[in-house]
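Q: Model the structure of this input:
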Amino acid sequence: MKSKNYSEKILDVFKKNRFVFLEPDVLLDSNYIIERSGENFKKLMLTFDDDSGKNICLRPDLTIASCVKYLKENFKGTAKIYYSGQAYRRSNNKKESIINDQIGLEIIGSKKKSSDDKEIISTILKSINKIKIKNVSINIGDVSLFRQLIDSLSIPERWKLRLTRHFWRPKYFEDLLNRLETNSDTDPMTVNFDKKKFSEMKKLNQNQEIAGRKISEILSRFDKKIRDPRSFAEGKKTANIIREFLKISCPIHQMDKNLNKFYKKNNIKKNVIKNLLPTKSLSKKDYKIFFSTNFGRDIEYYTGMVFEIWASTNKNKQEIARGGRYDDLLKSLGSKKDVSAVGAAINLNNLSKLTQ
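A: Alright, predicted model coming up:
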């Protein structure tokens with residue numbers, strides 16, 4: 001009954017803020033989700049084969065399910081939607097239920113990214129105030145800062161691609177930094193073999209095909225590989241800069257100071273923090289708010305601001321809401337063009353635990 005009362009009050013806030021109800025599908029194509037949303041979802045999903053042999057899953061995430069529905073319904077322009085339903089996912093904690101009751105909201109297709117980020121966070125916080133949850137704290141980050149940092153560093157292009165691609169896998173990412181630091185990622189014999197093969201193929205007919213590709217195409221890739229090696233002299237320095245960046249963690253009101261100090265020390269352009277206005281505005285809120293550059297690495301589809309909201313009692317502490325910006329997700333799900341999007345969900349299961 002407590003959960004139902006929470007739902008009604010939260011939905012009332014959503015409706016007053018002009019969000020419109022959308023019912024996401026419960027069953028989704030498993031491979032479709034994994035291919036577009038990352039391997040992290042694979043271990044969480046509950047799957048089965050239908051009569052045709054197609055692998056199907058119960059929706060593990062209502063944001064993805066909402067985006068699939070948005071595309072299926074062929075929405076035009078900006079959509080402010082909300083949903084109320086269940087997500088189904090496994091957990092490493094045996095005490096946790098595989099069924100997660102959630103209420104969430106999304107703004108999809110809007111060009112007002114800064115104000116949309118702010119609206120999502122403020123609407124979630126209004127909902128929490130409406131149900132009179134106390135002792136609230138917020139963790140917030142922005143994963144786009146890491147991408148901007150990598151773009152600003154003078155490192156080979158292939159290293160930039162590898163580091164951004166594997167940012168979501170902390171253990172493997174640290175292994176990459178170790179290889180970058182020690183220049184142990186390159187086998188000299190392999191490099192020499194590549195150069196020898198490159199010279200030999202330049203003498204062949206450039207229109208001749210090998211394994212379905214023209215020799216001219218193969219040589220173009222070889223040339224890029226030789227000109228853009230995995231190892232370079234500044235590897236250790238660069239690895240240290242990245243590690244230093246990922247250690248930045250502070251109360252929100254110290255964010256500007258700590259980021260600017262880091263950028264100045266490492267001669268990095270300061271304008272990389274120009275898109276943090278929604279995050280900075282939280283410093284005026286009456287909550288405990290903590291910023292971290294290392295936060296938000298557990299879900300691959302996030303592209304910008306990411307946050308989670310916690311509440312505590314004398315007995316326990318629970319994560320009650322989570323969300324962020326995911327501008328690449330809809331295109332990966334089949335949209336023919338880029339579609340900006342931001343959203344968040346409130347976990348009703350955890351809200352109920354606070355009052356037990």
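
Q: so where's the stretch 251-356 of the chain uncertain?
A: 270-280, 283-285, 356 (pLDDT under 70).

Q: Tell me where it has strands.
A: In the stretch 251-356 of the chain, the strands defined using DSSP state E, counting those that start in this stretch lie at 288-292, 305-312, 317-325, 341-347.

Q: Can you say which of those strands is packed in most?
A: strand 341-347 (a mean of 25; mean count of other Cβ atoms under 10 Å). Where C-beta positions appear, they are placed from N, C-alpha and C, glycine not excepted.

Q: Direction included, what does that strand pair up with?
A: strand 99-108 (antiparallel), strand 317-325 (antiparallel) (DSSP bridges).

Q: check contacts around the most centrally placed residue in the chain.
A: Centre of the chain computed as the mean C-alpha position; nearest residue by Cα atoms, centre = their mean is residue 302, 2.1 Å away. Residues in contact with residue 302, defined by Cβ atoms under 8 Å, 6 or more residues apart in numbering, are 143, 296, 324, 325, 326.

Q: Kindly recompute the last result at 10 Å.
A: 63, 141-144, 168, 296, 323-329, 342 (Cβ atoms under 10 Å, 6 or more residues apart in numbering).

Q: what's the closest of these to residue 119?
A: residue 342 (8.5 Å; Cβ to Cβ).

Q: so which helix or strand takes in residue 127?
A: helix 113-130 (DSSP states H and E).

Q: packing partners for that helix?
A: Counting contacts by 3 or more Cβ pairs under 10 Å, 6 or more residues apart in numbering; DSSP states H and E, helix 113-130 is packed against helix 2-16, strand 79-88, strand 99-108, strand 136-142, helix 277-281, strand 305-312, strand 317-325, strand 341-347.

Q: For the fourth one, which strands pair with it and how are they oriented?
A: If you go by DSSP bridges, strand 136-142 pairs up with strand 288-292 (parallel), strand 305-312 (antiparallel).

Q: Let's have those strands in a markdown table, adding distance to residue 5.
A: Below are the strands paired with strand 136-142 laid out as a markdown table (distance: least, Cβ to Cβ, whole Å):
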| stretch | distance to residue 5 |
| --- | --- |
| strand 288-292 | 26 |
| strand 305-312 | 16 |
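
Q: Looking at those strands, which is nearest to residue 18?
A: Comparing the strands paired with strand 136-142 by Cβ to Cβ, strand 305-312 comes nearest, at 21.2 Å.

Q: can you give me the angle that closest one makes with helix 113-130?
A: 10 degrees (axes from the mean of the first three to the mean of the last three Cα atoms, to 10 degrees).

Q: Show me how the record splits this protein into domains.
A: 2-143+296-354, 151-239 (automatic domain parsing).

Q: tell me the contacts of residue 110?
A: 77, 78, 79, 80, 116, 119, 339, 340, 341, 342.

Q: Output the strands of the stretch 251-356 of the chain as a markdown table; include the columns distance to residue 15.
A: Shown next, in a markdown table, are the strands of the stretch 251-356 of the chain (distance: least, Cβ to Cβ, whole Å):
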| stretch | distance to residue 15 |
| --- | --- |
| strand 288-292 | 27 |
| strand 305-312 | 21 |
| strand 317-325 | 18 |
| strand 341-347 | 15 |
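
Q: can you tell me which of these comes nearest to residue 53?
A: So among the strands of the stretch 251-356 of the chain, strand 341-347 is nearest, using Cβ to Cβ, at 32.2 Å.

Q: follow-up on the earlier one: if I look at the closest residue to the residue nearest to the centre of the chain other than its chain neighbours, how far off is residue 26?
A: Leaving aside its chain neighbours, residue 302 sits nearest to residue 324 (4.6 Å; criterion: Cβ to Cβ, 6 or more residues apart in numbering). Counting by Cβ to Cβ, to the nearest Å, the gap from residue 324 to residue 26 is 23 Å.
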